[in-house]
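Student: Predicted structure and sequence below. I'll ask about it afterward.
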Amino acid sequence: MFSRTIFLVLFFFLLSSITFTPANAIRSFPERVGISFLQRFSEAPEYTNGYSCRVLGVRNFPEACDPSLVHVAMTIDSEYLRGTIAAVHSVLKHASCPENTFFHFIASDSSPVSSQDLTRVVHSTFPSLRFRVYQFKESIVSHLISSSIRQALDNPLNYARSYLADLLDACVERVIYLDSDVIVVDDVEKLWRIKLSGSRVIGAPEYCHANFTKYFSDGFWGDSEMSKVFQGKSACYFNTGVMVMDLVRWREGDYTRKIESWMEIQKEKRIYELGSLPPFLLVFGGDVEAIHHRWNQHGLGGDNVVNSCRSLHPGPVSLLHWSGKGKPWSRLDLGKPCLVDFLWAPYDLYIHHHHHHHHHEQL
């Protein structure tokens, strides 16, 4: 976890050592990504288990079914690949049992980069990583998506988190979902161990001071039939970029279908503006296991319209999240970083073309 003293020391150290790339030298979000882009990641250090970690493979479980595993799900695509790689690096670096962490990467079937190529780049960067790349069929959800406040939020892959219970093997009963624009600076097993009380399906940091009504239209609040979904509940805003999910309860309750039902209503009546978040609020609002705010210091990318600099919230930090329009890799490459972006930089494994690093000959 990070204190502000460590933050300031790290900032001044990195400020003196980081070289910025001219804005036109690196395209962080290429329209077509070639194999040369995928090769531009250096191999991560080898992170191994401590002596107290449970030994895997004692019994012959299928690959992802060992009960000693910590399961982490993320999306993976060409636009956010650099962020995903940095996020994985941060999880492994701070994990007490990195070899017991299994990553489930969800890739779009419409991606310009194949799942096989994404698999190769992850393996070349993290040779010992336990992981699998799944293919998400965009057609499952694309017809349900309504335009939102920011075009990036309309990407069908943003909705893949609603389908994890279907995509992952049935033996995976619990998973941590992380967005690609995060870094973890604490042991991920602490997040994994958090209990979901009663019949709760998900856990996430809640923000009850936020104006919950603004996430839905006046038409929604004026419709007693729709707005009664929150009747008798103390619903609070939560960010879906960091969630602990009970997939057994999710499957039993058919929560994917419940989310899809609200998306169908949205297509007809336009009751919200913010992409994949509002359906989660409608289905789970008021029934979320509240996790400490340290596990989602979100909003570091500004808001959904303006790429503005934000400072850390008061209190301890276990996970930093660049939700919003601004991403740390883009701002660093442009030579216009925010202070918090220097906390992301040490986990970046991307090799700029002007650096004389060894490139992998094969993925």
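Tutor: Good, I have the coordinates. Every value quoted in this text rests on a predicted model; they were computed, and no experiment measured them.

Student: OK, contacts around the residue of the chain positioned farthest from its centre?
Tutor: Note on the chain: the largest separation between a C-alpha and the mean C-alpha position, by Cα atoms, centre = their mean, falls on Ser224 (34.2 Å). Neighbouring residues of Ser224 by Cβ atoms under 8 Å, 6 or more residues apart in numbering: there are none. For glycine as for every other residue, the C-beta is placed from the backbone atoms N, C-alpha and C.

Student: Need phi/psi at it.
Tutor: Per-residue torsions, Ser224: phi -60, psi -30 (degrees, to the nearest 10).

Student: Can you pull out the low-pLDDT segments for the stretch 51-200 of the chain?
Tutor: Residues of the stretch 51-200 of the chain that meet the criterion pLDDT under 70 lie in 58-59, 148-153.

Student: In this protein, which residue is most central in space?
Tutor: In the chain, the centroid-proximal residue (Cα atoms, centre = their mean) is Asp179; its distance is 1.0 Å.

Student: re earlier: state the distance from the residue farthest from the centre of the chain to Ser234.
Tutor: Taking Cβ to Cβ, to the nearest Å as the measure, Ser224 and Ser234 are separated by 19 Å.

Student: if we can go back for a sec, quick one: the residue nearest to the centre of the chain and Gly315, what's the gap?
Tutor: To Gly315, Asp179 is 21 Å away according to Cβ to Cβ.

Student: quick check, distance from stretch 239-249 to the centre of its chain.
Tutor: For stretch 239-249, the distance from its own C-alpha centre to the chain's C-alpha centre is 11 Å (Cα atoms, centre = their mean, to the nearest Å).

Student: contact partners of that stretch?
Tutor: The contact list for stretch 239-249, computed with Cβ under 8 Å, 6+ apart, reads 161, 164-165, 168, 172-179, 181-182, 191-192, 194, 196, 199-205, 207, 276-277, 280, 289, 291, 295-296, 298, 319, 321, 323.

Student: sorry, back to before: just give me the neighbour total for the nearest residue to the residue nearest to the centre of the chain once chain neighbours are set aside.
Tutor: When the adjacent residues along the chain are set aside, Asp179 lies closest to Gly241, with 3.5 Å between them (Cβ to Cβ, 6 or more residues apart in numbering). For Gly241, the count of nearby residues is 20 (other Cβ atoms under 10 Å).

Student: List phi and psi for Gly241.
Tutor: phi -80, psi -10.

Student: which of the contacts of stretch 239-249 count as buried?
Tutor: 161, 164-165, 168, 172-179, 181-182, 191-192, 196, 200-205, 207, 276-277, 280, 289, 291, 295-296, 298, 319, 321, 323 (16 or more other Cβ atoms under 10 Å).

Student: what residues are up against Ser110?
Tutor: Counting by Cβ under 8 Å, 6+ apart, Ser110 makes contact with Glu138, Pro156.

Student: wait, is it part of a helix?
Tutor: No. Membership of Ser110 in a helix is not supported by DSSP: H, G, I helix; E, B strand; the rest coil, which gives coil.

Student: The stretch 201-350 of the chain: helices as residue ranges?
Tutor: Remark: helices of the stretch 201-350 of the chain, listed N- to C-terminal, are 218-222, 224-227, 247-253, 255-269, 277-284, 328-333, 341-344; assignment by DSSP state H, counting those that start in this stretch.

Student: Among those, which comes closest to Val91?
Tutor: helix 341-344 (13.6 Å; Cβ to Cβ).
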